[in-house]
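Trainee: Have a look; sequence and predicted model below, questions after that.
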Amino acid sequence: MKCARLLCRIKPMARELRSLPSIDKILTDERFSRTAKNYLHDLIVNVIREELERQRQSIQSGQPGDSLDVIIDSIIENLNSVFTPSLRRVINASGVILHTNLGRAPLSEAAIAAMEEASRGYSNLEFDLDKGDRGSRHVHVENLLCRLTGAEAAIVVNNNAAAVLLGLTALLKRKEVVVSRGQAVEIGGGFRIPDVMRQSGAKLVEVGTTNRTYARDFTEAITPATGALMRVHSSNFRLVGFTSEVALEELVTIAKKNSLLVLDDVGSGTLLDTTTFGLAPEPMVQQSIKAGASLVFFSGDKLLGGPQAGIIVGEKQYIDKLKRHPLARALRVDKTRLAGLAATLLHYLKDEAVGKIPIWRMIAAPLKNIEKRANLWAKACDAKVIDGETMVGGGSLPGGSLPTKLVVLSGGGDLAKKLRLQAVPVIGRIEKDRLLLDPRTVLPEEDEIIIKALSDLTDN
Ligand SMILES: *Cc1c(COP(=O)(O)O)cnc(C)c1O
């Protein structure tokens, strides 16, 4: 009985498998050849094969096979999806200014123009125009960084994780690096101080307790094998309550007495004083240099507001060693990012950062303007406007936020999905099944797109 039933299933299955169209038949189908004639032939054949294989598997699992029309439609859809860019522009209405999942800092017009210019033609990336000879790619930003931070020298690499890895590898391999236990942290995205330390060949020596570390903890940990004292900014969390940390100045004093380096990973770091914008203090790079850190590490795309980069500023004798280390070659940045970074740094030197760098425009935007925009958005879809908070995010200013006005839509998850599937996806945040949209993190130029997306929502 069992066997007979299997047989009557196998027969139609074999027939269906046999009746699957051949690759040639699909290729010469009129509808198909119209769509596909511009695509690479090998790609088309691969996509057809994949679809036929899917059909075969579905028939073998007992499903009926699809018609030729359905098969061709599905091939065309798959082909088109190959040509839809995966990395797309989105609108960040999430209320997190530096959102790592959404690409962190949007760039200034000048930075974009500089990157475009550097990518279009050739450049003097490593060519000294005066001497007509080989030059260094570091010169294009080093001077600007030194003027802004007061450091003697600077080097830029792929990101801050790379910067810390390079610093430790080049200067502290097989040496001990003393870090407060409260600062041996994980920043997110797999960046953990103990792991980076191990990777570099430096030996992490944790001192103090999770909540309290004193100067004497550092002093007592120093041995002939010690190479550096390190401070790591606890970027994405805050120690509150019964806590004690050692000031950078104190670390410098101890280090000097013992001929050690002081490394300061400030994470985001900032060149502007965040407290003047009503935010919690965030370590300023120029202060670390002034306090005597040997090297300071920070990101290009956090509160600096530039392209992804890892920046190291500090004493020339150490930066020179970093420049010569083979890892620097592996971690180097390309011409477009150097161009974008230089243009971003110029905004600070011209004292126009707050007006020109998008993340600072967002941070500095008056609540009155945000409210006006929120009301316009809300009008498009009959929504309410409530008080809320914008986070700075991106591993900076944990717990620090700015007042904002939020557009509130009920029916959180479904609406959020609809907005994500717009031609230009709009990303909000969901709280208690409500969808919240924050104008502070949206560039004012993008308001029109949001308003259209919102009115489309209520129309359907
Ligand atoms: C964000 C952060 C890093 C990593 O920087 P990336 O530029 O993302 O590689 C390292 N250290 C600290 C303290 C950070 O906040």
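Mentor: Yep, it's here.

Trainee: care to break this protein down by domain?
Mentor: With domains defined by automatic domain parsing, the chain comprises 2-82, 91-99+359-459, 141-338.

Trainee: Out of the ones you listed, which gets nearest to residue 114?
Mentor: Across those, residue 114 has its closest neighbour in domain 141-338 (8.4 Å, C-beta to C-beta). C-beta: built from backbone N, CA, C; applies to glycine.

Trainee: Those residues of the stretch 251-400 of the chain touching the ligand, which are they?
Mentor: Proximity of the stretch 251-400 of the chain to the ligand (C-beta under 6 Å from any ligand atom) is limited to residues 265, 267, 268, 299, 310, 395.

Trainee: circling back: okay if I get the domains of the chain as JSON lines plus distance to residue 117, mean pLDDT and mean neighbour count?
Mentor: Shown next, in JSON lines, are those (distance: least, C-beta to C-beta, whole Å; pLDDT from 0 to 100; neighbours: other C-beta atoms under 10 Å):
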{"stretch": "domain 2-82", "distance to residue 117": "31", "mean pLDDT": "85", "mean neighbour count": "13"}
{"stretch": "domain 91-99+359-459", "distance to residue 117": "21", "mean pLDDT": "92", "mean neighbour count": "19"}
{"stretch": "domain 141-338", "distance to residue 117": "9", "mean pLDDT": "93", "mean neighbour count": "19"}
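
Trainee: Same list, these, but as TSV with distance to residue 133 please.
Mentor: Below are the domains of the chain laid out as TSV (distance: least, C-beta to C-beta, whole Å):
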stretch	distance to residue 133
domain 2-82	43
domain 91-99+359-459	39
domain 141-338	18
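
Trainee: Mind naming the longest helix for this protein?
Mentor: For the chain, the helix with the greatest residue count under DSSP state H is helix 41-60.

Trainee: chain center to that one, what's the gap?
Mentor: Chain-centre distance of helix 41-60: 36 Å, with C-alpha atoms, centre = their mean, to the nearest Å.

Trainee: Could you do stretch 440-451 as well?
Mentor: Counting by C-alpha atoms, centre = their mean, stretch 440-451 comes out at 21 Å from the chain centroid.

Trainee: same question, stretch 69-84
Mentor: Relative to its parent chain, stretch 69-84 has a centroid offset of 32 Å by C-alpha atoms, centre = their mean.

Trainee: now do stretch 436-451
Mentor: Mean C-alpha position of stretch 436-451 versus that of the full chain (C-alpha atoms, centre = their mean) differs by 20 Å.

Trainee: Indicate the residue of the protein located nearest to the ligand.
Mentor: Nearest residue of the chain to the ligand: residue 267, at 2.4 Å (C-beta to the nearest ligand atom).

Trainee: hey, what's that residue bridged with?
Mentor: Taking DSSP bridges as the rule, residue 267 bridges to residue 298.

Trainee: Start the count at 401 instead of 1 going forward.
Mentor: With the count now opening at 401, the last piece we talked about shows up as residue 667.

Trainee: For residue 539, see how far away it is.
Mentor: Separation of residue 667 from residue 539 (C-beta to C-beta, to the nearest Å): 26 Å.

Trainee: now residue 680
Mentor: Separation of residue 680 from residue 539 (C-beta to C-beta): 36 Å.

Trainee: Next: residue 762.
Mentor: According to C-beta to C-beta, residue 762 and residue 539 sit 32 Å apart.

Trainee: cool, and residue 787?
Mentor: For residue 787, the distance to residue 539 - C-beta to C-beta - is 48 Å.

Trainee: Same list (the residues of the stretch 651-800 of the chain next to the ligand) but as a markdown table, adding distance to residue 444.
Mentor: As requested, these are exported to a markdown table (distance: C-beta to C-beta, whole Å):
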| residue | distance to residue 444 |
| --- | --- |
| 665 | 50 |
| 667 | 48 |
| 668 | 47 |
| 699 | 43 |
| 710 | 42 |
| 795 | 45 |
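
Trainee: Now the two most distant members of those.
Mentor: 710 and 795 (13.0 Å).

Trainee: okay, and the common contacts of these two?
Mentor: Each of residue 699 lies in contact with both residue 710 and residue 795 under the rule C-beta atoms under 8 Å, 6 or more residues apart in numbering.

Trainee: so what's the backbone phi/psi at residue 505?
Mentor: With angles defined as degrees, to the nearest 10, residue 505 sits at phi -80, psi 130.

Trainee: in stretch 521-532, what's buried?
Mentor: Under the neighbour-count criterion of 16 or more other C-beta atoms under 10 Å, stretch 521-532 has residue 523 buried.

Trainee: any residues touching that stretch, and which ones?
Mentor: Residues contacting stretch 521-532 (C-beta under 8 Å, 6+ apart): 533, 534, 535, 536, 537, 540, 735, 738, 739.

Trainee: could you redo the last one with a cut-off of 10 Å?
Mentor: For stretch 521-532, contacts defined as C-beta atoms under 10 Å, 6 or more residues apart in numbering pick out 517-518, 533-540, 734-736, 738-739.

Trainee: Just the buried subset of these, please.
Mentor: For these, a burial check counting by 16+ other C-beta under 10 Å picks out 518, 535, 537, 538, 540, 735, 736, 738, 739.
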